[in-house]
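Q: Structure of the sequence below:
(one chain, ligands or ions: 1)
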Amino acid sequence: MPQAFDKGFRWVTDPSVQAKDKPDNPKESPGPESSSAPAKGPVQGSGAVNKDAVSAWRPTRNEPVINFVDSLIATAVNEGASDIHIEPREKELHVRLRIDGVLFNKPAPPIKMHPAIISRLKILANMDISERRLPQDGRIRANVSGKQIDLRISMLPISHGEKCVIRVLDSRAISVGLEQLGMDDDTLETFRSQILQPHGIVLVTGPTGSGKSTTLYSALQVMDGATLNICTVEDPVEYDLASVNQVQVHESIGMTFAAALRSLLRQDPDTIMVGEIRDAETARVAVQAALTGHMVLSTLHTNDAPSSITRLVDIGIESYLISAAVNGALAQRLLRRICENCKEQLTVIPESTAVYLEKHSDRTGPLYCGTGCEACHNTGYKGRIGIYELLVLNEELRDIITHNPSLGDLKAEAKKLGMKTLRDDGLQKAFEGLTTVEELIRITES
Ligand SMILES: [Zn+2]
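A: Next up is the predicted model:
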């Protein structure tokens, strides 16, 4: 079992979390996990649990389970993990933490504790403990060492029981300033001037987990919430932002991104952040908003900045509208940073690095790596840094875009106008000793 119980840990009631459907017949629900009820443990549940259901669990203290869940969450928060995976296999339980984008195995308790662990988490997240065949979602608010942490819980039945994934929503992750994201001075200044334009669309692109949300939240913090009406449409709303009106999407009742956006436009907005542009309707309303004097920030799933333009064309937006509405697009990835504690200059260049450099760079100079130490779990990396590719639409590019260029032509034109690519930025950061070429290859060439 991981670390001892953290004394600074406590659960707090989240009034926004409502109990979900309760079992029809709670008396049938106890089973082996009955012992995991929160009634007397050191950690208290979130309060909104149905009292009848609680009494049907015949609560007895089961401190190993309670302590395991508490210490697992405390460990995850303290180690800066973004996700906790609890995975039942045929004969054993696997527990893994995702740290800096990579999963690490952690010591796991015996598989026989699994049902009780799952029940404990379901109780804390106000889920239906008797439902083991359908996926369930919930939230828990915890206090770890005096810090309030929100946890998003997802249960999914797999072959050997329910797999639980806990997303750790640490609000420190979004309270970083733009200047802390790792942009070079030019990119930072240009991006800042783009988002402070009175109107237009600025897109942030990249795959899931590339840090797009953090960039958007940092961008919103640059804006003056006191004099501007800043609104967001998100799915889900994960972090509370001060001075921002946040709208939650509910697709099942027709509250789609597009519907929410249309309503927001009648709310006298200045800046609107749309979590994601997935469809033509949302794209169309976003373009309309930008062309009628609003600043729109959003994300797209594309690999690079020029592709965001062609993606909007593919979605069905006319190229003359894109040319008029879009101000710029920022593509990004997160690379692991070399651990400062064990950083050394590379004496032998790995073959893949040599091949990559020969193909893509004429620069020479020392390169670095982490040799592995306790501080970085022997990985040689600690923390992450963004690499960026910022496309700004000037008159020349706007003109080119109206003529529906191929992606290749658009990329070539952007580079000619001085756009630094993700690869350029990654290589620069490798030569600055912030990351490795291996990491750049891992993240951008797969
Ligand atoms: Zn290290």
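
Q: which secondary element of this structure has the worst mean pLDDT?
A: Lowest mean confidence among the helices and strands of the chain (mean pLDDT, DSSP states H and E): helix 51-56, at a mean of 38.

Q: which helices and strands sit right next to the host helix or strand of Glu389?
A: Glu389 is part of strand 381-392, with elements assigned from DSSP states H and E. Here strand 381-392 touches helix 185-195, helix 305-315, strand 326-338, helix 422-431, helix 437-444, going by 3 or more C-beta pairs under 8 Å, 6 or more residues apart in numbering; DSSP states H and E. Every residue, glycine included, has its C-beta placed from N, CA and C.

Q: After the first one, which helix or strand is next?
A: Right, the one you point to is helix 185-195. Sequence order places strand 200-205 as the next helix or strand after helix 185-195, per DSSP H and E.

Q: circling back: hmm, the strand holding Glu389 touching the ion?
A: No - judged by C-beta under 5 Å from the ion, strand 381-392 stays clear of the ion, getting no closer than 6.1 Å.

Q: quick one: buried residues of that strand?
A: Using 16 or more other C-beta atoms under 10 Å as the test for burial, strand 381-392 gives 381-382, 384-392.

Q: Stretch 100-107 and the ion, any residue contact?
A: No - using C-beta under 5 Å from the ion, stretch 100-107 stays clear of the ion, with a minimum separation of 12.1 Å.

Q: what about the helices in the stretch 51-200 of the chain?
A: Assignment of helices within the stretch 51-200 of the chain using DSSP state H, counting those that start in this stretch yields the ranges 51-56, 63-78, 114-124, 185-195.

Q: Residues contacting stretch 158-170, please?
A: Under the contact criterion C-beta atoms under 8 Å, 6 or more residues apart in numbering, stretch 158-170 has outside partners 73, 76-77, 80-90, 114-115, 117-118, 121, 132, 147, 149-157, 238-239.

Q: cool, stretch 210-228 as well?
A: With C-beta under 8 Å, 6+ apart, stretch 210-228 has contacts from 173-178, 180-181, 191-192, 195-196, 202, 204-206, 230, 232, 238-239, 241-244, 270-271, 273, 275, 297, 299, 330, 332-334, 384, 386.

Q: same question, stretch 339-354
A: Stretch 339-354 is contacted by residues 357, 366-373, 375-376, 379-382, 433, 436-438, 441 when judged by C-beta under 8 Å, 6+ apart.

Q: Are any of the contacts of stretch 210-228 buried, and if so which?
A: Among those, the ones that count as buried by 16+ other C-beta under 10 Å are 173-174, 178, 181, 191, 195, 202, 204-206, 230, 232, 238-239, 241, 244, 270-271, 273, 275, 297, 299, 330, 332-334, 384, 386.

Q: Can you tell me which helices and strands the next helix or strand after the strand holding Glu389 packs against?
A: Using DSSP H and E, the helix or strand that follows strand 381-392 towards the C-terminus is helix 395-402. Under the contact definition 3+ C-beta pairs under 8 Å, 6+ apart, helix 395-402 sits against helix 319-325, helix 407-416.

Q: Among those, which comes closest to the ion?
A: Of all the helices and strands packed on helix 395-402, helix 407-416 sits nearest to the ion, with 36.0 Å by C-beta to the ion.

Q: related to what we said a few turns ago, let me know which of the helices and strands packed on strand 381-392 is the nearest to the ion.
A: Nearest to the ion, of all the helices and strands packed on strand 381-392, is strand 326-338, at 8.3 Å by C-beta to the ion.

Q: what angle separates that closest one from helix 407-416?
A: On the basis of axes from the mean of the first three to the mean of the last three C-alpha atoms, to 10 degrees, strand 326-338 is oriented at 80 degrees to helix 407-416.

Q: quick check: angle from strand 326-338 to strand 200-205?
A: Using the same axes, to 10 degrees: strand 326-338 against strand 200-205 is 30 degrees.

Q: Can you tell me the strand partners of strand 326-338 and which way each runs?
A: Note on strand 326-338: by DSSP bridges, its sheet partners are strand 200-205 (parallel), strand 381-392 (antiparallel).

Q: helix or strand right after it?
A: strand 343-345.

Q: List the buried residues for that following strand?
A: With the criterion 16+ other C-beta under 10 Å, strand 343-345 contains buried residues Lys343.

Q: Partner strands of that strand and their direction?
A: If you go by DSSP bridges, strand 343-345 pairs up with strand 368-370 (antiparallel).

Q: who touches the partner strand?
A: With C-beta under 8 Å, 6+ apart as the test, strand 368-370 has contacts from 338-339, 341-346, 376, 379-382, 433, 436, 438.

Q: mind running it again at 7 Å?
A: Residues from elsewhere that reach strand 368-370 (C-beta atoms under 7 Å, 6 or more residues apart in numbering): 338-339, 342-346, 376, 380-381, 433, 436.

Q: So what's the model's average confidence on it?
A: For strand 368-370, mean pLDDT rounds to 97.

Q: how far is it from where the chain is centred?
A: Distance, stretch centre to chain centre, for strand 368-370: 27 Å (C-alpha atoms, centre = their mean, to the nearest Å).

Q: Next: stretch 197-205.
A: How far stretch 197-205 lies from its chain's middle: 20 Å, per C-alpha atoms, centre = their mean.

Q: For the remainder of this discussion, apply numbering that starts at 40.
A: New numbering, starting at 40: the last item is stretch 236-244.

Q: Touching it from outside, list them.
A: Applying C-beta under 7 Å, 6+ apart, the contact partners of stretch 236-244 are 233-234, 251, 254-255, 325-326, 329, 332-339, 341, 344, 347, 364-371.

Q: ok, so of the buried residues of strand 420-431, who is nearest the ion?
A: Nearest to the ion among the buried residues of strand 420-431, with distances taken as C-beta to the ion, is Lys421, at 6.1 Å.
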